[in-house]
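Asker: Give me coordinates for this.
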Amino acid sequence: FSLTISKNRGLEQIIEIIKPFKDKVTLTLIGGMRGDFYEMHIKDNLEFIDIIEPLSQKELHLELSNHDVGLALEQTTANTNRGICLTNKLFAYCQAGLYVLATETPAQRLFLQHNEKFGEIISSQKSEGQKLLRNVLDNIVSIRGEKNKRYRISKELLSFDVVSSEIIQNWKKNQRNDRLFKEY
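Answerer: Reported below is the predicted structural model:
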């Protein structure tokens, strides 16, 4: 999902990776579709692509829970920040219990190394991406079976209450350190 579905977001590569599996996989795109992107990449692939117009936050989270896999696709060439941040999209997928396939950025790699149950890195290289997708399809029963577990884990680790508490503790600790530093 994205506010705007357009080029240079990684979808071009993932569509090519999915094509050979079009009888087994549906790619659902949620957001406002750019007309030029639709014409170039979507209209000839509607047999395996569903499009949903933008949803409210509540509707979006309800919709996500109907799916198996979330794609956290980031293009670091478009924006340096994309390589060092974790997006709301990634957290939304985890909080819905989805298995995440994420493009390799330093932040996403680190996140998935610390949270292996949530998913894995997908290569934008067609052959490697297809190998991973084949593996996901071969293991879809266990991926679906682990959905509630991923949901519960994310609730314990990634909820706003838990994360904001850690941020506040770090902020207070750094405030004390700043005062100590100023005293010397």
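Asker: element containing residue 14, please.
Answerer: Secondary structure from DSSP states H and E places residue 14 in helix 11-18.
Asker: again with residue 164
Answerer: Residue-wise, residue 164 maps onto helix 160-183 under DSSP H and E.
Asker: all helices for the protein, in order.
Answerer: Applying DSSP state H to the chain gives helices spanning 11-18, 35-37, 57-64, 81-84, 88-95, 106-114, 126-138, 140-145, 147-157, 160-183.
Asker: and residue 48, which of those is closest to it?
Answerer: Across these, the minimum distance to residue 48, taken as C-beta to C-beta, is reached by helix 11-18, at 6.4 Å. For the C-beta atoms, the positions are set from N, CA and C on the backbone; glycine is no exception.
Asker: Same question for that closest one: list its buried residues.
Answerer: Buried residues in helix 11-18, counted by 16 or more other C-beta atoms under 10 Å: 11, 13-15, 17-18.
Asker: closest to residue 30 among the residues you listed?
Answerer: Closest approach between those and residue 30, by C-beta to C-beta: residue 11, at 12.2 Å.
Asker: any low-confidence regions in the protein?
Answerer: 78, 176-184 (pLDDT under 70).
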